[in-house]
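Chemist: Need coordinates for the below:
(2 chains)
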Amino acid sequence: MDPLYKPQGVEQRWQQTWEEEGLYGADPDAPGETFVVMHPPPNISGSLSLGHCLQLSLEDTLVRWHRMRGFNTLFQPGYDHAGISTWAAIGRTLAEEGRNQRDLGREGFDAYVQEWLERYGGTIMSQFRQLGASLDYRRTRFTMDEGYYRAVMRWFVHLYERGFVYRANRIVNWCPLDQTALSDLEVEHEDEDDTLSYVRYPLADGSGAITIATVRPATILADVAVAVHPDDERYREFVGREVVVPFVERLVPVIADERVEREFGTGALKITPGHDPTDFEIGRDHGLAELTVIGPDGLMSDAAGELAGLTQEEAGRRVLDWASERGQLEKREHYRHSVGHCERCHSRVEPLVMPQWWLAMEELAAPAIASVKEGRVRFTPERFARVYLDWMENVRDWCISRQIWWGQRIPVWYCPDGHVTVAETEPAACGDCGSAELRQEEDVLDTWFSSALYPFATLGWPDETPELARYYPGSVVTTAREIIFLWIARMIFSGLELIGLDPYSDVLIHSTLLNPEGKRMSRTYGTAIDPEEALGPYGADATRYGLLKVTSSQDPRFSFGTIEEGRKLANKLWNASRLLLMAGAAEAEARPSSVEERWILARIDATRAEFEADLAAFDFAHAVQRLYRLTFDDFCDWYLESIKPRLAEEDVRATAFAALERLLKLLHPVMPHVTEEIWTNLPARETRLIVAPWPEPQAEFAADLHALDEAQTAARLYRRSGVRIELGGDSLRIFEAVVRPSGDGQGDVEAERGRLRKEVERSERMLANEKFVANAAPEVVEGERQKLEQYRAELDALG
RNA sequence: GGGCGCGUAGCUCAGCGGGAGAGCACUCGCUUCACACGCGAGGGGUCGCUGGUUCGAUCCCAGCCGCGCCCA
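Modeler: I've put the predicted structure just below:
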């Protein structure tokens, strides 16, 4: 064994061995309580980031821990077709060649994306393996594979038959670049500088005018009303009268509606149901027409008459010029407001009225709200339950159709007579008229529509497979904050709707890793750190440790510091093991004959209990910190140093190996490779650590948990000042073995006395405060009294 | 506009009512027979600011000031 532990090579060897020996495999026929983690399937449109590694590290720690505890574990891998994301990514690649997706044709695009899939899909799975993630790779699923596709079709038809899916002409978020509708959740709001134009709309009878403020003057062409707040005194007399829309000179009514913000602009709002979501709702309630003057390409449409074909900016200028010439442009002012953008291509989203497929949410949401309210699904940290509930309780219908070619095609067929047939597979004839001339709906489904089925579609649903029976519902799902609505909420309601059970009991929202500058890691902005930068030089174990160490804060800035700490821990373990192995073989059996041996066994067991509690609470940062302290302080600094003089005794070595085995077991879920490598070097070791049983509680040595206190106190004093306090028996022996004191032990006694006198004074002052003694908790006062006694005793010991 | 989180040592972060902590970095000492990628010691902080509650506040409350995120 080399004095320096080098993870390179070792890690890969174990990853291969574990997988080849089938130790990652989930067996539905095997015994044991189940523990299931469905790893959120990454998009095939990219490679992994360190953020993914963090997520994978905490999942794998939980999975390995449960596997060792004898659970029947399934750690499910897969990847996501990621509809618009992949569509946009491929679009960017094609654009460099001067082409676009639609140039390829629908089949050509499918072929192109297959290549893409093999390339990125392969990279992703090899990155999973490189981190030591013990996923059952044989079960890798893809959200567009044949079985999964069938599940999505069943889901759609089910919802259609329940009356939840419907097609309607409503306002949608339209991405003019990707040429598709988006759901509300796929729109990013960003603040932008704009100009607010105040335009006068004359009353039809010429008796005055009403001024509105708009940032989109081009849409004036599609105005169908002006609205004011019903309680707004300024405009009360205008309600019910007609005004003339500038440029198009159309007569439209002035209406009253409570949704108008009185404080915005002049308090009068132009109503354009065809191009604004709020106006759309107001329009529907007032029975107004839905005129559109902007086309799917974001340019002015034919309906814009002489302005057809112009950009909105140019059209807006023309409209304002028109108003200005007639004295109807009152003023223009700077205005900063939030504008919707496509989250994938960042184009400005165009609200347009068009037919799309929708999922009615209210009835589906109700049981999913109850699951969280009643604690069947728990969020960690708890506050995210509130975030989930706030959204679910106000959830709006979900636009599920997309006008791209990548995704599950909506299973709806139309005949020439306009009849609609909905079926899981292509029907032979129209369900209404029997016509064989069927044309399938061109649209595909929102990628999240299929992701919603992940916890059971991966297990073979809608077939009744052994996997489905065994591994649904699952246990824990972990994800980033922004995925709560997109995925978590949808998995819960779809699981409840189709199977009647929540998909998991725990939702763990993990921290979002920032780059060292405090910016979000993003591959497109070049602010991401490639996992290879950590995995290459430090190895997977150190990377896992370092990432877990930092999961207690919400948005930690990435630094190599904690990974370096992990590397040190691996190296320390390695060398501690070398010490024991070089001392000679012995069977691993706890046969403690001295207090420090009983003490380390007690310390390991106490840490085991605390570590278990930490993991149960998903507190990985503290869990990992405990292992570091146990290894460095307890095991190496005190235990190994104190038994060194007796390592020739076989019983001492036997106990040491037993202790080391327990230590390795505790560390394995966090640092699987180095622990397995050491394990395999231990004498007479035949099993694999990955499937070795988790340590049972060991209470028989608990009485000695504090047995080294005296020696440790003496060591602190001696190391600080050179002063030796009188020790006897075991404490003296351990002190001398660990500290190896030299010199006369006189040291700076006077300085120590001074330090202790100060402590005594502080303590006495506190206890002399009647209000403290009267008001503080009794145990606090008692604690202070004991400290005072301790200081006085130490002062006496110095003579 | 609504909501949430975070400001603690040079850096990354713990602590969250009773004497300010860790790792890294820095200074000093030590080649000591597992590890010098080691061991030991040390310097370094008005715990963002201002009020309040309390015998006692980094911790609780309120208001500011910065940073970040989510929703609309």
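Chemist: distance between stretch A:673-691 and the chain's centre?
Modeler: 33 Å (Cα atoms, centre = their mean, to the nearest Å).
Chemist: contacts for it?
Modeler: Contacts of stretch A:673-691 with the rest of the structure, by Cβ atoms under 8 Å, 6 or more residues apart in numbering, involve A:1, A:5, A:7, A:10-11, A:14-15, A:17-18, A:21, A:23, A:64, A:67-68, A:132, A:134, A:539-541, A:570, A:573-574, A:577, A:581, A:585-588, A:657, A:660-661, A:664-665, A:667-668, A:672, A:692. Bear in mind the C-beta positions are built from the backbone N, C-alpha and C, glycine included.
Chemist: What residues sit buried inside that stretch?
Modeler: Residues of stretch A:673-691 classed as buried by neighbour count (16 or more other Cβ atoms under 10 Å): A:673-679, A:682, A:689-690.
Chemist: first to last residue in it, what's the distance?
Modeler: 13 Å (Cα to Cα, to the nearest Å).
Chemist: give me the number of residues near the residue lying closest to residue A:381 once chain neighbours are set aside?
Modeler: In this structure, residue A:381 finds its nearest non-sequential neighbour in residue A:509, 6.5 Å apart by Cβ to Cβ, 6 or more residues apart in numbering. When neighbours are counted by other Cβ atoms under 10 Å, residue A:509 registers 25.
Chemist: Tell me the confidence at the residue in the stretch 251-400 of chain A that RNA strand B sits nearest to?
Modeler: Nearest to RNA strand B, among the residues of the stretch 251-400 of chain A, is residue A:338, at 3.9 Å (Cβ to the nearest atom of the strand). Predicted confidence (pLDDT) at residue A:338: the value is 83.
Chemist: and the residue lying closest to it once chain neighbours are set aside, how many residues sit next to it?
Modeler: Nearest residue to residue A:338 in three dimensions, chain neighbours excluded: residue A:189, at 4.3 Å (Cβ to Cβ, 6+ apart). The number of residues packed near residue A:189 is 11, by other Cβ under 10 Å.
Chemist: which secondary structure element contains residue A:189?
Modeler: Assessed by DSSP states H and E, residue A:189 sits inside strand A:187-202.
Chemist: For RNA strand B, tell me whether that strand is touching it.
Modeler: Yes - Strand A:187-202 is in contact with RNA strand B by Cβ under 7 Å from any atom of the strand, via A:187-189.
Chemist: what comes into contact with the helix or strand bottoming out on mean pLDDT in chain A?
Modeler: Ranked by mean pLDDT, DSSP states H and E, the weakest helix or strand in chain A is helix A:83-96, scoring a mean of 83. If you take Cβ under 8 Å, 6+ apart as the criterion, helix A:83-96 is touched by A:43-46, A:100-101, A:103-104, A:109, A:112-113, A:116, A:175, A:178, A:180, A:182, A:186, A:344-345, A:402, A:404-407, A:444-447.
Chemist: got the residues of the stretch 651-799 of chain A near RNA strand B?
Modeler: Going by Cβ under 7 Å from any atom of the strand, the residues of the stretch 651-799 of chain A near RNA strand B are A:716, A:719-720, A:758-759, A:762-763, A:769, A:771-772, A:775-777, A:780, A:784, A:787.
Chemist: 6 Å instead?
Modeler: A:716, A:719-720, A:759, A:762, A:769, A:771-772, A:775-777, A:780, A:787 (Cβ under 6 Å from any atom of the strand).
Chemist: closest to residue A:285 among those?
Modeler: Closest approach between these and residue A:285, by Cβ to Cβ: residue A:777, at 60.9 Å.
Chemist: Helix or strand for residue A:67, just tell me which one.
Modeler: Going by DSSP H and E, residue A:67 is in helix A:50-68.
Chemist: Just the buried subset of the residues of the stretch 651-799 of chain A next to RNA strand B, please.
Modeler: A:759, A:787.
Chemist: So which of the residues of the stretch 651-799 of chain A next to RNA strand B sit within helices?
Modeler: Among these, the ones falling in helices (DSSP state H) are A:716, A:719-720, A:759, A:762, A:771-772, A:775, A:780, A:787.
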